[in-house]
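Engineer: From the sequence below, what's the structure:
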Amino acid sequence: MNEVSIRTEYIKLDTFLKLANCISTGGSAKMLIAEGMIKVNGESEERRGRKLYPGDTVDVDGEGSFKVVSEG
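Structural biologist: Residues are numbered from 1 along each chain as shown. Predicted coordinates:
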């Protein structure tokens, strides 16, 4: 599982996907999410603005698993 560090209290799912290098644009995030290719903490997620906090895990079909960690 890859760890992705954030400096803030939380990060939105679409921004997280860019930070994790899974996508290059917000439109790509919308498409991945709409196609059911994203799971947060083991459950399918359909909201681009879903807030992710340290400890959350994100599974992206074809890209792998990522864990949100605090940078500080």
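Engineer: tell me the average confidence for whichever strand in the chain runs longest?
Structural biologist: Secondary structure of the chain per DSSP state E: the longest strand is strand 64-70. Strand 64-70 carries an average pLDDT of 95.
Engineer: so after the helix ranked longest in the chain, what's the next helix or strand?
Structural biologist: The helix that spans the most residues within the chain, counting by DSSP state H, is helix 26-34. The first helix or strand that comes after helix 26-34 along the chain, using DSSP states H and E, is strand 38-40.
Engineer: Partner strands of that next one, with direction?
Structural biologist: Sheet pairing for strand 38-40, assigned by DSSP bridges, gives strand 43-44 (antiparallel), strand 57-60 (antiparallel).
Engineer: Show me the one of those strands that comes nearest residue 13.
Structural biologist: strand 57-60 (7.4 Å; CB to CB). Using the backbone N, CA and C atoms, a C-beta is placed for each residue, glycine as well.
Engineer: What residues sit buried inside that closest one?
Structural biologist: Neighbour counts using 16 or more other CB atoms under 10 Å place 58-60 of strand 57-60 among the buried residues.
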